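Participant: Need a 3D model of the following:
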Amino acid sequence: MAQGTHETEIKLAAIDAVSAKRLLTRAGFRVHKRRVFEDNTVFDTPGLKLRKGATLLRLREVGGKAIVTFKGRPIAGKHKSREELEVEVSDAGTMRTIIDRVGYRPVFRYQKYRTEYQQAGHAGIATVDETPIGVYLELEGEPAWIDRTARDLGYTEDDYIVSSYARLFFDWRKQHRVKAPDMVF
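Facilitator: A predicted model of the protein is given here:
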């Protein structure tokens, strides 16, 4: 099944998963999708053409599924907004081979545990992402919903993070003087 969308989102740093989940529950959110483990591999050309163009090709393995995602160049603004195209594939190993055959190589791998939340009557999605470098709330939806929800959760626009997990990891790695190539548990 293929899906084409335009995503708009932000990340918000959280103290830990328990407090993030409590914050969402108090704001009327309920678990929409239970906590799952995700293993993500980002692919690029040897010359990093996609990274230099601020685009992304990813293979996500989650809950027995494999999902290929293309993310377009972000539109500048207080939210991260860009094209997102996804398709579920039946075999992650074969998909890796196809990606390799057309000249792309794994350049970054990241893992996280994700729990997805929704509020009744609202289309936006809130997730709690537990990563090796910290816990993040991610709000995805219409910009007005994101801003209102962030305020309701006690955050301001100064707290908005529009960086990718790769960028957050590279910055964290530099700050902590860690040489690990990938953000894995």
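
Participant: Let me see the mean pLDDT of the helix or strand hosting Ile98.
Facilitator: Using DSSP states H and E, Ile98 sits in helix 92-101. Averaged over helix 92-101, pLDDT sits at 97.

Participant: for that helix, packing partners?
Facilitator: Applying 3 or more C-beta pairs under 8 Å, 6 or more residues apart in numbering; DSSP states H and E, one finds that helix 92-101 makes contact with strand 56-62, strand 65-71. Just so you know, the C-beta spots here come from the backbone N, C-alpha and C atoms, and that holds for glycine as well.

Participant: Give the buried residues for the first one.
Facilitator: Buried residues in strand 56-62, counted by 16 or more other C-beta atoms under 10 Å: Leu56, Leu57, Arg58, Leu59, Arg60, Glu61.

Participant: Compute the distance between the fourth one and Gly141, please.
Facilitator: If I follow you right, that is Leu59. 25 Å (C-beta to C-beta, to the nearest Å).

Participant: what do you get for the fifth one?
Facilitator: Taking C-beta to C-beta as the criterion, Arg60 is separated from Gly141 by 20 Å.

Participant: ditto for the first one
Facilitator: Leu56 sits 20 Å away from Gly141, taking C-beta to C-beta as the criterion.

Participant: rewinding a little: what's the angle from the helix holding Ile98 to strand 65-71?
Facilitator: Following axes from the mean of the first three to the mean of the last three C-alpha atoms, to 10 degrees, one obtains 30 degrees for the angle between helix 92-101 and strand 65-71.
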